[in-house]
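Participant: A structural model of the following input is requested.
(2 chains)
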Amino acid sequence: MEGARKKIGVFLCKCGTNIAGAVDMDALTAWVEKQPDVAWVRTNELLCAPTGKEFVKNTVESETCDSVIIAACSPKMHEKNFREVAGEKGFNIAQVNMVNIREQAAWVTPDKDQALEKAQSLIAAGLERAQYNVDLDKPEMECKTDAAIIGGGVAGIEAALMLANAGRKVTIFEKDISIGGSVIKTEEVAPAMECAPCLLAPRLAEIRDHKNITVVSNAEVTDVLGFFGNFTVKATRRARFVTAACIGCEACFEVCPVWVKSAFHLGMGDRKAVYTAFPGSVPAAAVIDKENCRHFTGEECSACKDACPFGAIDYEDNDEVIEVETGAVIVAAGGGDPDVSQLFDGVAGRENNVLAMPEFERLAASNGPTGGEIVCADGSVPKSLAVVHCAGSLSETGLSYCSGICCMTALKAGELFRKKIDGGKVFNIHDRLTLAGTEQQHFFDKQCEEGTVMLKTSDLSSVNIVMKEGRLQVTASGVSESVAVDMVVLSTGMAPSPSAERLVELTAADLDEYGFFRPGHPILQTTSTTIDGVYAAGSCKSPCDVPTAITRGQAAAGDVLSRLIPGKKLELESMTAWIDGELCAGCKMCIAVCPYKAISFDAEKGISIVNEAICRGCGTCAATCPGKAAQARHFTNQQIEAELKGVLNG
Amino acid sequence: MGEFKPEIVAYVCNWCSYAGADGAGGQKLAYPSSVKLIRVMCSGRVDPQFVMEAFRGGADGVMVLGCHPGDCHYRSGNMKAQRRFRIFEMLLRQMGIEKDRFLLDWVAAGEAKRFVELATEIHERVTALGPLSLTGSVERTVMADG
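Facilitator: Okay, here's the model as predicted:
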């Protein structure tokens, strides 16, 4: 330590009788007074009370010291408050520190002598450490307040609208040719049985017309660079071959000679090589499927171009790189559909009339391949339906978890079936039922009253489906007779998004053991991911129903709005790491261990550099650096070693 | 010579294990007063040098406590600590320090009882071993690196 030693002012808090009852305060005060470097000692009944804080403020103003120690409760309780109070009198936050003699001595040491001794030892540590406390800056940074949203399903749509209505510029990156996500493919949302496309259509139109929203569809995000307040998001927009002049009038559909299986209809219907996902899609423009279009497969065809009244067909269109600068990134990538092809000896498939739930939803949807007619593969109308709950869920080979939403969908299938098919019979084969919520149980009761026969199996893994004499037979242990039906729906759960892993690579966020985005904190920060400024909304966080997905989108937008405010700088962490360029040997070990990718290598200077806007101050680099070039502010080697010295000698 | 009163230093991370110890206080769960905490932001901040310094400075036992795997406030700092200290444990014996004098473990913020159990465990282990006496070679090792 160079120069004169610092003089330390010490406050001792009795905390009513909480500390004073267990530690001899007179003896403690007398001991502190005798310690070297102590400028003064003041004992108070209750420092955190308004009178106590006033006492702190007045004392640090009238008395002289370089650094202040408050021996009281845990720093987690009031350190911030005391730093503010003393800060009003000019003390830097680094010079106001608490020593925890309540939780660590008074409350856990029944022997009064030992409690006194321990309190002394902890205060000695604080006094020794204070010699090395260095003032901390309160760094601030200009920030961008706009947002990029990855995924244009219901969660992304709600987040976009909320942000855009507050004046923020929003770019939605969508991998499909239009937005709407999985919800636009369903007919009704249980238990309210509201028409999903009707709920979405006005939202889609609002997005289309909003001056603050740009939709980049048919695009793949390739880079997410930067940090909270300063992201650069890059994406490749795949060539569409149809310009924005297209209004989706469909004139080209009629003349296009090529039929292709429609992904929007999950392969159950056809579309042309020039197509839109559905009428009224956003964007409205059609797209040419280059793989199948005759013009691009070596044949002379320009039927669409000739038919287009708007001159919107552009065979020369190219992939385009789009780059936006934003303050936050909201990932709303949705969930995934589990693969059912291996279940029940491979019986699943449209040809056998064994449909996964998303396929059944398409079949029942008025914007679906049959216009909402529930029909068998041969065109006949099924008279009976079996719904198998938990198909591919709660299993070792499929999803290990309960998605929590599929029981409602499984019950909804019965309602849709009866609604569309007069006298239709419905059997639900289930084990456990998940029907939490105020309306869900009533919905279940209603289905039972209206004719759904609930058949409980004693063993989910015993459920089997076989084709017998042209009908589907469903058997399950605990269900006395086999159920013979014309159609089976497999009630599947929600898998993680197929894009999740790639998005995690791009954003440096983290997935949980099930493949969903891990929250910043499992209770306190469920809107954020583990990377500041990268949010996860909708079912990429965990399986959820439509209202929850919407709420998650709104929550993410709300968090962005409360933290990125135009004209206001972003307050950064003060206790970050830094690297002493003189000592750094350029070994890059700090780069390897940094959990936030906050350290980069300056090849020209041959040293590592900490980006303090990303650094969160964990200090792992400081512990790893073999040359002691990396250091953690307010937790430097000198500070920690001084504290150790105090603990052992006090 | 009086009864042996061990000195134990516990390096605890701010987010989980320090909070766990606070919980022990809040619930008035007593643990040996020999165990004294030094707070760091993350268990990943704990340089093995700090542990050696503690032994050299008079500690008879040292604990490093972090968040449980997967719960690290800083994503993976605790895993870095684990990697580092698993190797360090092996070196301890070569330096003449019994393995039982060192403990790396995890305590969640809600695990007050677990903190008390670990604090009691290391206290008992170290009490059974008696005071640490460092050989000259360890002194030199620590000093040379310090």
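Participant: Please count neighbours and contacts with C-alpha atoms only from this point.
Facilitator: Noted.
Participant: just checking, B:Ala24 touches B:Ala109?
Facilitator: No. With contact defined as CA atoms under 8 Å, B:Ala24 and B:Ala109 do not form a contacting pair (9.9 Å).
Participant: between the two, which one's more packed in?
Facilitator: When B:Ala24 and B:Ala109 are compared for neighbours, B:Ala24 comes out ahead with 25 against 22, by other CA atoms under 10 Å in any protein chain shown.
Participant: Helix or strand: which one has the more buried one?
Facilitator: Following DSSP states H and E, one finds B:Ala24 within helix B:17-26.
Participant: show me the contacts for A:Leu435.
Facilitator: Going by CA atoms under 8 Å, 6 or more residues apart in numbering or on different chains, A:Leu435 touches A:404, A:407-408, A:441, A:444.
Participant: Pretty sure it sits in a helix.
Facilitator: No. Using DSSP: H, G, I helix; E, B strand; the rest coil, the assignment for A:Leu435 is coil, not a helix.
Participant: So which bits of the helix holding B:Ala24 are buried?
Facilitator: B:17-25 (16 or more other CA atoms under 10 Å in any protein chain shown).
Participant: quick revisit: and of the contacts of A:Leu435, the nearest to chain B?
Facilitator: A:Gly404 (24.0 Å; CA to the nearest CA).
Participant: any idea how far A:Thr492 is from the closest one?
Facilitator: 11 Å (CA to CA, to the nearest Å).
Participant: Name the residue in these two with the higher neighbour count.
Facilitator: More crowded of A:Gly404 and A:Thr492, by other CA under 10 Å: A:Thr492, with 27 against 17.
Participant: List phi and psi for that one.
Facilitator: The phi and psi torsions at A:Thr492 (degrees, to the nearest 10) take the values phi -90, psi 150.
Participant: quick one, what contacts the nearest residue to it once chain neighbours are set aside?
Facilitator: Distances taken as CA to CA, 6 or more residues apart in numbering or on different chains place A:Ala391 nearest to A:Thr492, at 5.1 Å, with adjacent residues excluded. The neighbours of A:Ala391, taking CA under 8 Å, 6+ apart as the test, are A:340, A:343, A:490-493.
Participant: Quick one: low-confidence residue ranges for chain B.
Facilitator: Filtered on pLDDT under 70, chain B yields the residue ranges B:1, B:136-146.
Participant: Residue numbers of it in contact with chain A?
Facilitator: Within chain B, the positions near chain A by CA under 8 Å from any CA of the partner chain are B:7, B:9, B:21-26, B:28-34, B:36-38, B:40-48, B:50, B:53-54, B:57-59, B:74-77, B:80.
Participant: Drop anything exposed from those.
Facilitator: By 16+ other CA under 10 Å, these give B:7, B:9, B:21-25, B:28-34, B:36-38, B:40-48, B:50, B:53-54, B:58-59, B:74-77, B:80 as buried.
Participant: So which of those sit within helices?
Facilitator: B:21-25, B:48, B:50, B:53-54, B:77, B:80 (DSSP state H).
Participant: Out of those, the closest to A:Leu225 would be?
Facilitator: Nearest to A:Leu225 among these is B:Gly77, at 22.4 Å by CA to CA.
Participant: what's the closest non-adjacent residue to the closest one?
Facilitator: Going by CA to CA, 6+ apart, B:Gly77 has B:Gly44 as its nearest residue, at 4.4 Å.
Participant: for A:Thr452, same thing?
Facilitator: A:Val426 (5.0 Å).
Participant: Tell me the bridge partners for the residue nearest the centre of chain A.
Facilitator: Residue closest to the mean C-alpha point of chain A, counted by CA atoms, centre = their mean, is A:Ala536 at 2.3 Å. Beta bridges link A:Ala536 to A:Val331 when assigned by DSSP bridges.
Participant: Just give the number of residues close to A:Asn353.
Facilitator: A:Asn353 has 24 nearby residues by other CA under 10 Å.
Participant: Please determine how far it is located from A:Gln447.
Facilitator: 23 Å.
Participant: Repeat that for A:Lys597.
Facilitator: Distance from A:Lys597 to A:Gln447, by CA to CA: 53 Å.
Participant: How about A:Val85?
Facilitator: A:Val85 is 62 Å from A:Gln447, by CA to CA.
Participant: follow-up on the earlier one: select from the contacts of A:Leu435 the one having the most neighbours.
Facilitator: Top of the contacts of A:Leu435 by neighbour count (other CA under 10 Å): A:Cys407, with 26 neighbours.
Participant: Next, the contact list for that one, please.
Facilitator: A:389, A:433-435, A:491 are the contacts of A:Cys407 under CA under 8 Å, 6+ apart.
Participant: what do you get for B:Ile8?
Facilitator: B:34-36, B:59-63, B:123.
Participant: Filter those down to the ones in strands?
Facilitator: B:35-36, B:61-63 (DSSP state E).
Participant: B:Met90 - nearest residue in space that isn't next to it in sequence?
Facilitator: The nearest residue in space to B:Met90 (CA to CA, 6+ apart) is B:Lys99, at 8.0 Å.
Participant: Show me which residues of the stretch 551-650 of chain A are close to chain B?
Facilitator: Of all the residues in the stretch 551-650 of chain A, those lying near chain B are A:593, A:595, A:616-624, A:635, A:640-641, A:643-645, A:647-648, going by CA under 8 Å from any CA.
Participant: Now with 10 Å, please.
Facilitator: A:575, A:593-596, A:616-626, A:631-632, A:634-637, A:640-641, A:643-645, A:647-649 (CA under 10 Å from any CA of the partner chain).
Participant: more crowded one of A:Lys597 and A:Gln447?
Facilitator: More neighbours surround A:Gln447 than the other of A:Lys597 and A:Gln447, with 19 against 16 (other CA under 10 Å).
Participant: Phi, psi for that one please.
Facilitator: The phi/psi pair for A:Gln447 (degrees, to the nearest 10) is phi -60, psi -40.
Participant: and what of B:Val12?
Facilitator: phi -120, psi 140.
Participant: Any idea how many residues pack against it?
Facilitator: Residues near B:Val12, counting by other CA under 10 Å: 30.
Participant: Over to B:Leu92?
Facilitator: 18.
Participant: my guess is it meets B:Leu103, correct?
Facilitator: No. Using CA atoms under 10 Å as the test, B:Leu92 is too far from B:Leu103 to be in contact (11.6 Å).
Participant: Let me see the ranges of the helices in the stretch 101-250 of chain A.
Facilitator: Per DSSP state H, counting those that start in this stretch, the stretch 101-250 of chain A carries helices over the ranges A:112-130, A:154-165, A:196-209.
Participant: what's the closest of the contacts of A:Ala391 to chain B?
Facilitator: A:Gly493 (25.2 Å).
Participant: How about that closest one, nearest residue that isn't a chain neighbour?
Facilitator: A:Ser403 (5.3 Å).
Participant: residues contacting the residue of the stretch 351-500 of chain A found nearest chain B?
Facilitator: As assessed by CA to the nearest CA, chain B sits closest to A:Ala500 within the stretch 351-500 of chain A, at 18.1 Å. A:Ala500 is in contact with A:331-336, A:506, A:509-511, A:515-517, A:540-541, counting by CA atoms under 10 Å, 6 or more residues apart in numbering or on different chains.
Participant: ok, those vs chain B, which is closest?
Facilitator: For these, the nearest to chain B is A:Asp510 (8.6 Å; CA to the nearest CA).
Participant: My read is that that closest one contacts A:Pro519, right?
Facilitator: Yes. Using CA under 10 Å, A:Asp510 is in contact with A:Pro519, at 8.3 Å.
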